[in-house]
Every structure is written in C-alpha cells, then in structure tokens.
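[1] kindly return the folded structure for what I paste below:
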Amino acid sequence: MKKKPKKLEKIPTYINGLDNILEGGLPKNRATLVLGSPGTGKTNLALEFLYRGASDNEPGIFLGFEETKESLKQNALSFGGDLDALEKNNKLFIIEGRLNPETLVSGKFSLKPLLSIISHKAQEMKAKRLVIDALDVLLQLLEEPFAVRSELHYLNHWLSQQGLTTILTLKPREDGSRLQDFFMSMADCAIVLDARVLNQVTTRRLRVIKYRGSSFGRNEYPFIITDKGLQTIPITSIELKHKPFSSRFSTGIPRLDRLLDGGIYRSSCTLIAGEPGTGKTLLTTTIIQEACRRGEKAVYVSFEESDQAIINNVRSAGLELEPYVKSGRLHFITAMPEATGAEEHLLNLMEAVEKVKPQHVVIDAISACARMGGTQAAYEYLMRALNLLKEKGITIILVNQTSGSREQLELSGIGISSMIDTVIFLSYVHGEGETNRTIQVLKSRGSAHSNQIRECIISNKGIEIIDAYVGEAGVLTGTARKVQEVRDRLTQLRQEALLKSKELELARVKAVMEAEMKRLQAEIENLTTELKTLKMEQEISQEECRKRQLIREYEKNPQASSAAKRRK
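    Model prediction:
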C-alpha cells in the first residue's frame, strides 16, 4: 500500500508576505541561508524573524559577528521591536561575537566555545529559533583553509543536533568562494536578497532558490523595509479570485449614467483617459464626491497633485471634498512616483485600504507610474494593485494622461487594458477658432453602452454633458454647434412659414371651391324647380287641349259623342 506523503514541518516567520512565498514558513529545526550584498536587508530579515517568534512565545538566540549588541537593539526599534523587553523576559538572548582580528589570525579561535554557550542557553530558555549573522566575516580571517573547513563541518554537525530553526546570513563573494558553496549545500532553504538601481530608483528583491522537501514561490519578489518591518506583497496564486460585478452606482452626472447604460458596475475597473485639461480629474472627483455623498468611502492616490491642490482646483467647479476628508470618507495618498520604488507605493496603498476599508480606489495618474523605475515597474505595480483590489471587490478608477489621436493610442499606456472593464475617453475638438471638449464611452463590459460622442462643458456647476451636433461636416461643438443650430433654426422657420403659406392658400382654395359649390347647388335647385314648373304647365296645357278636343267633337256630333260617353 502506497504511503501517504507527509508534509514538511514549518514554522512561520511572521514577516508580511514572506510566509506566502515560503508556503507556510521556514523548515522547522533546519538551517536556512540568507544570501545578499551589504544593504539588502539580511540582518533585518533575520532579526525580525527572531523578534516575531520571541513575541509569539518562541524564544530565540542571536549570534552576530558584525554589529554590536546596541546597534542591533537600535535597528530593531526601527520596526517597533523592543529587544530589551524580550531579554528581560528571557525570550531573547544576544551574543556579540565580534572579536579582535589579531586573535583570529593567530589561529587560536574556534566556534566550539560559542556554540557550547548557545547550547546551554538554548536548553535554559527552551529556545526554538537561532540566527547566526555574518559568520563569513569571521571565517574568512582564518589563515588555514583546513581550519575553515573544520569549523564549517563542526557547525553543520552541531546544527543538526540542536533542534533549532536557524537562519545563517552570508555575503556573496565575486570570486565564487567555496565558503558560499558549502553554506548553499548545507542549508535546506536558501533565500537570495539583492538591491538594484533602475532609473535612479532602488528596489530590493527577494528570491527563494532552494527549499528541500517543499514547493515555494519561484519568482523574484520586490520587498521594502518599513517601520513595520520587512514587507512584500507576492502574487503566488495561479488562480484569479476577482469578485464579480454587482449592482451599478451613479456617477453623479445623469447623462453620463445614460451613456453607461445605468452607471458604473461595482467591483469593476474604469479608466478615464484623455489629454491634459480635458477634465479627467474633475470627472473622477465628481464620481468620488457622489460616492461619499451616499455614505461610501474612497481612497484617492495622486502622483501629480497634492490633496489640497485637488480640493482647491475642483472647488471652482462646485465640488466640495473637504467635508468628506474631515469625516474620514475620503482618504488621500499623495507622493512623487520617483520618491520610492513600486513596492513601497503598493504597500502604502494596501495599508490605506486595510485602514479605511473603502468601496472605491482612485489612482491618478497611471501615466506617472513609469517614474517609479520604468515601464516594467509601473506594469507590476498596477497589475498587482488591480489584482488585490479586485479580489476585495473594490471599485477602481484609473486616470491616464494620453497624447495623440485615438487611433494611435494604447489608452492605458502601460499594457493593462485587459484588466480594464470600462473606458471613458475625453478629447478635444478644434474648429471655428476655439477648442471644445467631448466625451465618449469606448468600452464597458456587460453594458449596452452608447457609442455616441457628446459635448462636455465645464462650468462653476461642474460637468455638463450635452448632445453634440452630428452632420455632414462631422461632429460640431461649441460655437460651430451654436452657429449650425441657428442655421437649422432659420431653415426650420422658413419651412414653417412656407408650410403656413401653403396651408392658407389651400384654405382659400377650399373656401372658393365651397362657395362655388354652394352657388352651383343653388343654381341646380333653381333649375330643378323651374323644370318641375314647366312639366306641370305642360301637363295642364295637354289636359286643356284634350278637353277642348272633346268639346269640338261634341259640337260636331252630339249623339255620337253621347254614345261614346255612355260606352265609356
């Protein structure tokens, strides 16, 4: 019968994001190597691993060969770690292993006394964790290679017997040192840290290159060192867990809602793109003000303007954001993109999201994100931000500054179009000695949105969307639209006057016809009457003729006439 595979025991580092990469933590009771150049954060990672564990009732020991005990305590305070309190409670023990270099060169040094101290102290305090920091600094001062190998083999054997979860920190050697190779083969888990400068922005990165008996995140992951310790937000899952669209909400502009087939979907991502001055920020803040008015919360990330500049600028259009900032419904994050790397910007955003619990997040403008360290850094920042926000069901509004015609644009500018659900495009129309703004919905997933262009007017009452004139000359806006509307009105008035004239003429003709018909009818009646009279006169005349004929016949032959009468 096939045995069920047994999972490797691990202990968490309690470092934000690192345990996700390690799929649970470091291998329990085994050694982990942390390799990195000076300034990459090796000691910080190891010290935080020890501090977080001791704070969770897992006592630990720190053996360092490079920094003093006081400098370590000072460093720990930078992420809120009070090492003195842990020492007093017997949860942490620090051994300062820095020795006189002359002692080391003489060959009198051995690790055995130090390791013996650690063994006794670990048993006394029931230690679970151990950090040996910068051992390479000490070993490379030994004159005899044989002495180095001997110490390393003894350390490896000692670690296997102690039952401690250990972190060893080491600086890489350009000459491919055998010391580094030995540590790499000895460790069950190996983590490489580095710091790179791209476009004058420094980014620290972390990569797990080895983990015996366990799967792990194999990519490179940016990380930062903050006042809360080392932090990273890795994307380690291959699944997409985005929340589906739910109900729609109003933008605060009724005509725009109609263009969008009822408003914007919740949990969706909307891009508002356009050239400078087309009203992108004003449209965005209108949507956010309407959301705050409904009692919802929003986080507004601005890389180009301060929060006060935005508040003051939109006030001229009738928007008042200050009350919502004071009430906590609207939270601003403003920073220059090049001030820090993409990872720190992302962590600042996610910290605000955890703190505020918003329904909406604005990033204005994504075109500025390239200044975080290049296009790739901007792409990583936006993709990870959108992924994390969509998983939380937060509605996202992105603002992007574009240039050129619509046919020449990749509207997002960063290659994230597949993550965008709705695109609202603001542009200029030039003509008649002036420039006017237009708005169009280019894309809206799951909506029967309008494909028509509308004119967009900005006044002290905010944004007003009106019908643009579409004719043989194309879309007319502003003065050209008004002139054409006057022309259309005059044409309409002329047509109405001509129509009225024709109606009057028709009425006159009808009246003439009706009068003529009445006259003719009267004439017909007169003629009919005359005809009847003539017929009656004719009948009377005939009757009189017959009577006269009878009288003449009687006068000629009275007897025959009498007999004729009798026969009749």
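
[2] show the average pLDDT along stretch 118-131.
    Averaging pLDDT along stretch 118-131 gives 94.

[3] show residues contacting it.
    11, 46-47, 49-50, 53-54, 58-64, 90-91, 93, 95, 158, 162, 164-167, 169 (CB atoms under 8 Å, 6 or more residues apart in numbering). (Each C-beta comes from the backbone N, C-alpha and C, glycine too.)

[4] sort out for me which of those residues are in helices.
    Assigned to helices by DSSP state H, the following of the contacts of stretch 118-131 qualify: 46-47, 49-50, 53-54, 158, 162.

[5] need those in a markdown table with distance to residue 243, pLDDT and neighbour count, can you?
    Shown next, in a markdown table, are those (distance: CB to CB, whole Å; pLDDT from 0 to 100; neighbours: other CB atoms under 10 Å):
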| residue | distance to residue 243 | pLDDT | neighbour count |
| --- | --- | --- | --- |
| 46 | 38 | 95 | 26 |
| 47 | 38 | 94 | 30 |
| 49 | 34 | 96 | 28 |
| 50 | 38 | 95 | 31 |
| 53 | 35 | 95 | 23 |
| 54 | 38 | 95 | 27 |
| 158 | 51 | 92 | 16 |
| 162 | 47 | 91 | 16 |
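
[6] which of those sits closest to residue 446?
    Nearest to residue 446 among the ones in helices among the contacts of stretch 118-131: residue 49, at 46.3 Å, using CB to CB.

[7] which residue sits closest to residue 401, ignoring its sequence neighbours?
    residue 367 (4.5 Å; CB to CB, 6 or more residues apart in numbering).

[8] sec struct for the one you found, please.
    Taken by DSSP: H, G, I helix; E, B strand; the rest coil, the conformation at residue 367 corresponds to helix.

[9] go ahead and confirm it touches residue 398.
    No - in this structure, residue 367 is not within contact of residue 398 by CB atoms under 8 Å, at 9.9 Å.

[10] who has more neighbours, the two?
    residue 398 (29 against 21; other CB atoms under 10 Å).

[11] for the more buried one, pull up the helix or strand it's in.
    strand 395-401 (DSSP states H and E).

[12] need the residues that contact the helix or strand just after that strand.
    Beyond strand 395-401 on the C-terminal side, the first helix or strand identified by DSSP H and E is strand 422-431. Strand 422-431 is contacted from outside by 256, 260, 264-265, 268-275, 278-280, 283, 406, 411, 435-445, 447, 456, 475-478, 480, using CB under 8 Å, 6+ apart.

[13] looking at the residues you listed, which are in helices?
    Short answer: those in helices (DSSP H) are 256, 280, 283, 478, 480.

[14] closest to residue 228 among the residues you listed?
    For the ones in helices among the contacts of strand 422-431, the nearest to residue 228 is residue 280 (33.7 Å; CB to CB).

[15] OK, contacts around the closest one?
    Applying CB under 8 Å, 6+ apart, the residues near residue 280 are 272-274, 364-365, 399-401, 426.

[16] do residue 318 as well
    Taking CB under 8 Å, 6+ apart, one finds 460-462 in contact with residue 318.

[17] please check those residues and keep the buried ones.
    Buried by 16 or more other CB atoms under 10 Å: residue 462, out of those.

[18] residue ranges with poor pLDDT in the protein?
    Applying pLDDT under 70 to the chain flags residues 1-5, 99-109, 141-145, 174-178, 235-241, 404-414, 468, 470-479, 481, 558-568.

[19] before we move on, the earlier item: in a markdown table: the ones in helices among the contacts of strand 422-431, plus distance to residue 494.
    A markdown table is the format used below for the ones in helices among the contacts of strand 422-431 (distance: CB to CB, whole Å):
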| residue | distance to residue 494 |
| --- | --- |
| 256 | 36 |
| 280 | 43 |
| 283 | 40 |
| 478 | 25 |
| 480 | 21 |
